[in-house]
Each structure stands twice: as C-alpha cells, then as structure tokens.
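Visitor: Fold the following and give me the result.
(one chain, ligands or ions: 1)
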Amino acid sequence: MSDQLAYVVRISPVHGRGVFANRDIAVSECVIEYTGREIPWSVALERAAEQDMPHNHTFFFSLANGNVIDGGDQGNEARYINHSCEPNCQAIEDEGRIYIYALHDIKCGEELSYSYPLIYDGRHTPAIKRSFACRCGAPGCTGTMLAPKKRRRKQKGPEQASHD
Ligand SMILES: [Zn+2]
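Guide: Numbers count the residues shown, from 1 in each chain. A predicted model of the protein is given here:
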C-alpha cells in the first residue's frame, strides 16, 4: 500500500462534485473523516433557513448526541461524497466523529458513495422531490435520496430536517 492520498475531488456524472478513489482502496479501509463544525440542530436549521434550504442540508450529518456536523463549515472533501442506492462506502460514527469506510474493495478511479438516509420532515412537494432526486444509476436505484416519511424521529444519517 502506498501513502498516496486515497481520494480526489472531481466533477461527478452523478451530481456536482464527487469524490473518487485516487488509488485502489481495500475493504474496511478508513478513507476519510467527515469533518466540520459540530452544532446543535437548532443552529443547523437556522443556517438552512438563511441559505438555500433544503439544498445545503446535504452537508449536515447528524450525530447520536443530537448535534450535527456541518460539513459546509470548516469541513473537508468528505462533504462532496455523493449518495448512492448501492454505495461502496459507509459512514460510521465513533465517539462523536464520523469516518467513511470502504464497504468493499474499490478500484482507482471509482466514485465513492454512501447511502444517506435523508430524513426531511417537511412536505415532500414535487420541488423537494426534485431537489433530492437520486441519479446514482444503480440497478436498484430508488430514484430519491429521501427516506420514506416515518413517525420515528431519531434516525442516524447525514440529513435530518424538522419543522417543529
Ligand atoms: Zn439511486
């Protein structure tokens, strides 16, 4: 294994910028930490309302302690990792920090992805659905990054919105 950086940010065919393997990555390898400022949900929602809600919500990663990591605030390249319905990475929280691990061996040049369980408690209007449309191209693509609406409030994931 070389010490070469495992990832590189490039324009993605899926959406905007994406993160790609810059070398072969082995299964279970920690590719990158998802960094950003840790803020309470109340602050995250204020930030979202001030900006282009709901788009910037995709930079929010909710933590088990109820706070959010805002990848748009002092974050790193991990915030550009796109959603896929058949991802090759997964995000795991360890003591309040989020790390992105390879789910299987990844070849140099492949786009990295993980599955966001996007929770959006507001109305799933056509505009919202378009905003969160999935274009991952996987055979089992659900066509959306939005999780079906549920009553359950606490769900781990990079995205959570509330209209309380
Ligand atoms: Zn998809």
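Visitor: How about the residues of the chain by the ion?
Guide: Applying CB under 5 Å from the ion, we find that the chain lies next to the ion at 85, 134, 136, 141. Heads up, the C-betas are built off the backbone N, CA and C, glycines and all.
Visitor: can you rerun that using 6 Å?
Guide: 84, 85, 134, 136, 138, 141, 142 (CB under 6 Å from the ion).
Visitor: Need the buried ones from those selected in ChimeraX.
Guide: Those of the residues of the chain next to the ion that count as buried under 16 or more other CB atoms under 10 Å are selected in ChimeraX with:
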select :84,85,134,136
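Visitor: need the residues of the chain next to the ion in CSV with secondary structure and pLDDT, can you?
Guide: CSV is the format used below for the residues of the chain next to the ion (DSSP: H, G, I helix; E, B strand; the rest coil; pLDDT from 0 to 100):
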residue, secondary structure, pLDDT
84, coil, 93
85, coil, 93
134, coil, 89
136, coil, 90
138, coil, 92
141, coil, 93
142, coil, 91
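Visitor: Closest one of the residues of the chain next to the ion to residue 46?
Guide: residue 134 (27.4 Å; CB to CB).
Visitor: Identify the residue nearest that closest one in space, chain neighbours excluded?
Guide: residue 145 (5.0 Å; CB to CB, 6 or more residues apart in numbering).
Visitor: likewise residue 107?
Guide: Sequence neighbours aside, residue 24 is the residue nearest to residue 107 in space, at 5.9 Å (criterion: CB to CB, 6+ apart).
Visitor: how close does the one you found get to the ion?
Guide: 24 Å (CB to the ion, to the nearest Å).
Visitor: isn't that residue right up against residue 105?
Guide: Yes: applying CB atoms under 8 Å, one finds residue 24 in contact with residue 105, separated by 7.1 Å.
Visitor: Who has more neighbours out of the two?
Guide: For residue 24 versus residue 105, the count of surrounding residues by other CB atoms under 10 Å is larger for residue 24: 17 against 14.
Visitor: Thank you, goodbye.
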